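Student: Pasting a predicted model and its sequence here:
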2 protein chains.
Amino acid sequence: MKIEILCTGDEILTGKTVNTNHSYMAQQLTDAGLQVYWATIVGDDRTSLAQAFEQAAERADAVIVNGGLGPTVDDLSQELAAKAAGVELELHEPWLEKLKAFYSSRGRVMPDNNRKQAMLPAGCEFIDNPIGTACGFAINIGNARFFFTPGVPREMRRMVTEQVIPRILKQSGMQVVTRLKRFHSFGIGESRADELLAGIEDMMPDSVKLGFQSHYPQLETKLAAVASTEAELDLALAPAEKMVRERFGNFILCEDNQTLEGMIVDHLRNNKATVATMEMASAGNICNRLVNTDQHNEVILSGIVSCSLTQLANAVTMDSEDLEFGPDTARNLASHLLQHTDADYALVTLVSQKPTDDNSRSETEIIIAIANKETTSTRQARLLGGKHWVTLGSTEMALDALRRTLLDLPIDEKTDFEQQN
Amino acid sequence: MKIEILCTGDEILTGKTVNTNHSYMAQQLTDAGLQVYWATIVGDDRTSLAQAFEQAAERADAVIVNGGLGPTVDDLSQELAAKAAGVELELHEPWLEKLKAFYSSRGRVMPDNNRKQAMLPAGCEFIDNPIGTACGFAINIGNARFFFTPGVPREMRRMVTEQVIPRILKQSGMQVVTRLKRFHSFGIGESRADELLAGIEDMMPDSVKLGFQSHYPQLETKLAAVASTEAELDLALAPAEKMVRERFGNFILCEDNQTLEGMIVDHLRNNKATVATMEMASAGNICNRLVNTDQHNEVILSGIVSCSLTQLANAVTMDSEDLEFGPDTARNLASHLLQHTDADYALVTLVSQKPTDDNSRSETEIIIAIANKETTSTRQARLLGGKHWVTLGSTEMALDALRRTLLDLPIDEKTDFEQQN
């Protein structure tokens, strides 16, 4: 089945807006076992749109058109769709009523030009938009089924996931239940992950596909499955999920929509525990990641950031004379931080960079100390690479060490990213 | 002149990689006064590539093809270009020599399959790649001039800017010197910026185009100019640049490739001065922005992040009894921070959120206090909006207040983003 994505709009064509809508749609289709084979971007221009519709109608079976459903004169999708399908535009009364209600619920009268958003090609299939004023629709043009979707990302995302992909799956004759199982790990590189999962194909039916996406420092391992029922999905995925969990072990940070920092904050909340952080040269990223979660308020007590050991010691009223970079100083800072803030956990991350022969890279020593009321543990590692790479790596390593501590897992399992000797 | 962008590669087509190469190329072309009218994405597939070349050759005058110049079997651009142009592939000796030298300078022998990168269509124009192994080339196919560029972003960027766009400008018969003057401001919304610059067109020749790009909280104001000499560019841009500087005044943060945080760090370094920061609920973004600059080491002493006034006070050994959110507490924290860290400047940002009737938005009060050895000044503002919006706004406002302090500018000029009463 040939699927084409057609993104419209001057903003996208001229590069003013990066086309994340395309990547979202393409990824969702791919994850559902469908294949995108062509994509086009044209501006808000009648001639280009007509030509793009015509070409897609010839070569594709299904086309997702994105954008051009707004109320202004440069929104041309309905008009050109009707023309290409050889039908008139008709008022879709229920949508007009919904638009009017939408405005009146906000104490406003619907502007006249929004009426345009309820004018759809005669005979099309209406597709609801529960969170916006641009409804979608589907219609046959030439050999292809065209699906029209709004340009606003969150509206498009919901419509494509909930309504367009199921219709395309049905059209393709494929089984209509899909699931994407995701594992997020830290410390295993993509090629070693591939080796670790050797033989996984033998235990999966053909309807399950394994894929990796590396977002350093994390690796995402995806199992995309298609089946006819949810129960079949469970059955098809179970052995592969089990194998990923066994082979990746403690390196799995979290699954699906969870994040590492979100997990940490949830775990602390559930145990009514708090944490304070102190970090050197990771640009405040450790604190930043934790405080950017939704529910951080009562669990992240404070974060202290400085490139200077003296300043770090001062902030927790510790003697700052003769401080040396090393595990003892890290442990000492962690226990002072614990006392000073009265937190349940203190996470200290010290970093020291030595330039190498190659100017763009440096060898970085990382010392992580985690204290709680009973004990203090440390983790040391050396990373080689540019500043940005090392900052990302040390931030992840520190947060992972905290996760491991909270879950009673060993904190010193070596990652693929650090120097091994 | 009709220009088409053709991006190739399964990674882009399937959405695994977001197509920032398209937006970069399109933006550069637009800024040079050229117009992109069509864009296509196809995978690493002979049939699709041949069809895409054929269509582009019919409808465009110039085509930039991106990707497919690598050494592996799925890199097909040279092969398909030769086929479409009706010529053979030929070895480009100088490039082969350069590839061999590239490898031997790294103590390695060139793998055999890299030889493929020196096979170019006969009669094409060679385009150098000074920073990678994939050279570019240009060739006529049908009615259009095709420019082939590497998919690696930094290699593509340099080749497109330095070599492809000048060639397209020449082909278009346009003047061949271009300049993009950029102003970064904070506090002026896009529509007011447009009003403030009313009449600017009258003082600019037609060869200068005004454009805005809003990256909240900053606004980028762009003057794109085309001329035949650098001197003409100076002349064409001078009155418009002067007008932007006059009308935007103190709201201009920096120009061209400068950043707000980079300017602050440079200014502090030049004056051998230091700063310490303390922030509440801005997720450590203020410290993060400053510490992510290149030269921060000796000027950013420390950053303290907490949602709790008590923790902030503790970190600077200030009495934490009966603290109230307000300007007095902010001033008090700033002077303690100054003493405690022995910094030349202390920047304190306190934030207090009140939910509004609409759950997704809240009204946020921001208090910024900046202390140096002589004086302490404060700035207060109220922002309305979601969490992310307010965090971005308060971070920018705090850094801008520091910039204004360093440059002896007033710190209390109201922005368009805050509540006015």
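Tutor: That came through, no problem.
Student: ranges for the strands of the stretch 51-200 of chain A?
Tutor: A:62-66, A:89-91, A:119-121, A:125-127, A:136-141, A:144-149, A:177-186 (DSSP state E, counting those that start in this stretch).
Student: Which strands and helices lie in contact with the fourth one?
Tutor: Looking back up the chat, that one is strand A:125-127. If contacts are counted by 3 or more CB pairs under 8 Å, 6 or more residues apart in numbering or on different chains; DSSP states H and E, strand A:125-127 sits against strand A:136-141, strand A:144-149. From N, CA and C alone the C-beta is placed, and that goes for glycine too.
Student: need the strands of the stretch 51-200 of chain A in TSV with mean neighbour count and mean pLDDT, can you?
Tutor: Converted to TSV, the strands of the stretch 51-200 of chain A look like this (neighbours: other CB atoms under 10 Å in any protein chain shown; pLDDT from 0 to 100):
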stretch	mean neighbour count	mean pLDDT
strand A:62-66	27	98
strand A:89-91	14	97
strand A:119-121	22	97
strand A:125-127	15	98
strand A:136-141	21	98
strand A:144-149	25	98
strand A:177-186	19	91
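Student: Format those strands as a markdown table; extra columns: distance to B:Gly70.
Tutor: Below are the strands of the stretch 51-200 of chain A laid out as a markdown table (distance: least, CB to CB, whole Å):
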| stretch | distance to B:Gly70 |
| --- | --- |
| strand A:62-66 | 29 |
| strand A:89-91 | 47 |
| strand A:119-121 | 44 |
| strand A:125-127 | 40 |
| strand A:136-141 | 37 |
| strand A:144-149 | 33 |
| strand A:177-186 | 28 |
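Student: returning to that earlier point: among the helices and strands packed on strand A:125-127, which comes closest to A:Gly123?
Tutor: In terms of CB to CB, the element of these nearest to A:Gly123 is strand A:136-141, at 7.2 Å.
Student: Which helix or which strand is home to the residue nearest to A:Pro217 when sequence neighbours are not counted?
Tutor: Among residues not flanking A:Pro217 along the chain, A:Glu396 sits closest, at 4.0 Å (CB to CB, 6 or more residues apart in numbering or on different chains). A:Glu396 is located in helix A:387-406, with elements delineated by DSSP states H and E.
Student: between that helix and strand A:177-186, how big is the angle?
Tutor: Interaxial angle, helix A:387-406 versus strand A:177-186 (axes from the mean of the first three to the mean of the last three CA atoms, to 10 degrees): 100 degrees.
Student: For helix A:387-406, which residues meet the burial criterion?
Tutor: For helix A:387-406, a neighbour-count test (16 or more other CB atoms under 10 Å in any protein chain shown) marks A:387, A:389-406 as buried.
Student: What of stretch A:377-384?
Tutor: Residues A:Ser377, A:Thr378, A:Arg379, A:Ala381, A:Leu383, A:Leu384 are the ones in stretch A:377-384 that count as buried (16+ other CB under 10 Å).
Student: which residues sit in contact with the fifth one?
Tutor: Under the criterion of CB atoms under 8 Å, 6 or more residues apart in numbering or on different chains, the neighbours of A:Leu383 are A:Glu363, A:Thr364, A:Ile366, A:Trp389, A:Val390, A:Gly393, A:Ser394, A:Phe417, A:Glu418, A:Gln419.
Student: at 10 Å instead, please
Tutor: Going by CB atoms under 10 Å, 6 or more residues apart in numbering or on different chains, A:Leu383 touches A:217, A:351, A:353, A:362-366, A:389-394, A:397, A:415, A:417-419.
Student: And what about A:Ile366, helix, strand or coil?
Tutor: Judged by DSSP: H, G, I helix; E, B strand; the rest coil, the three-state class of A:Ile366 is strand.
Student: For it, grab the count of nearby residues.
Tutor: By the criterion of other CB atoms under 10 Å in any protein chain shown, A:Ile366 has 26 neighbours.
Student: so it bridges to which residues?
Tutor: For A:Ile366, the beta-bridge partners under DSSP bridges are A:Val351, A:Ala381.
Student: Roughly how far does A:Ile252 sit from A:Arg404?
Tutor: For A:Ile252, the distance to A:Arg404 equals 11 Å [CB to CB, to the nearest Å].
Student: what about the helix holding A:Glu396, distance to the chain center?
Tutor: 19 Å (CA atoms, centre = their mean, to the nearest Å).
Student: One more: stretch A:19-27?
Tutor: Per CA atoms, centre = their mean, the displacement of stretch A:19-27 from the mean C-alpha position of its chain is 12 Å.
Student: Give me the mean pLDDT for it.
Tutor: Mean per-residue pLDDT for stretch A:19-27: 96.
Student: near chain B at all, it?
Tutor: Yes: with CB under 10 Å from any CB of the partner chain as the criterion, chain B is reached by stretch A:19-27 at A:Asn19, A:Thr20, A:Asn21, A:His22, A:Ser23, A:Tyr24, A:Met25, A:Ala26, A:Gln27.
Student: send the alpha carbons of that stretch over as CSV?
Tutor: Below are the C-alpha coordinates for stretch A:19-27, written out as CSV (Å, rounded to 0.1, in the frame of the first residue of the first chain):
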residue,chain,number,x,y,z
ASN,A,19,8.2,20.4,9.6
THR,A,20,7.7,18.3,12.7
ASN,A,21,4.2,17.4,11.5
HIS,A,22,5.7,15.3,8.7
SER,A,23,8.0,13.4,11.1
TYR,A,24,5.2,12.8,13.6
MET,A,25,2.9,11.5,10.9
ALA,A,26,5.5,9.4,9.2
GLN,A,27,6.7,7.9,12.5
